[in-house]
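K.L.:
with the input below, show me the fold.
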Amino acid sequence: MKVSKDIPLAEITLRKYEKPYDLDRRELTKKLCLSIGLLQPGDSRDVVVDVLYVILQNKLLDSREIEDKVIELRKSYNLELKGIASSNIRRQIKRLKDLFLIENVNNKYRINENEPLINIFEEKIEKFYIKSIIDRVKEYFRIIKP
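P.N.:
Okay, the predicted model is just below:
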C-alpha cells in the first residue's frame, strides 16, 4: 500500500494588521514579515526581520556581510542575539528567495531586480504565486460535489 504525503507544493500566509502609521523602519519590516507569514505572531526569533531590513538598506551583500550587519542592527536595538548563527542567516535568506523578495547575483544578495517591494508583491507574489495557489484550490472545489 502506497501512502502519499500531504506536502504542499506552495503555500503562503497572509495577515491583516493595522495601517502602518508611526512605525520605525525595523518595525515596518517586522509588520511586513508578519503580514506575509515570514514571522509568526509572538515569535521571539525574529532574525528574518533583520535579514530583510539589512538587504533593504544595501545594494549587494554576501551572506557574511548580511550576518555582520544583522548583528550590528540587533545590538543597536538592544535585541538578544538569537538566531544569528551563519546557518540560520542562510536559511532566512533562502526563505526570502523562495518568496521572490530577494535574488542572488554573483554570490551577493539584493532585492529582486532592485524593484520596489510593492512591484515584487504585485507581479511575483500576487499575480503569480497566490494566483497559482488559488487556481489549484478552485480545482478541488470544482471536483468535490455535494
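
K.L.:
how close does the nearest residue to Ile130 once chain neighbours are set aside sit to Ile134?
P.N.:
Distances taken as C-beta to C-beta, 6 or more residues apart in numbering place Ile12 nearest to Ile130, at 6.3 Å, with adjacent residues excluded. The way it works is simple: take the backbone N, C-alpha and C, and place the C-beta from them, glycine included. To Ile134, Ile12 is 10 Å away according to C-beta to C-beta, to the nearest Å.

K.L.:
who has more neighbours, the two?
P.N.:
Counted by other C-beta atoms under 10 Å, Ile12 and Ile134 do not tie: Ile12 has more neighbours, with 14 against 10.

K.L.:
in stretch 68-77, what counts as buried?
P.N.:
Buried residues in stretch 68-77, defined by neighbour count with 16 or more other C-beta atoms under 10 Å: Lys69, Val70, Ile71, Leu73, Arg74.
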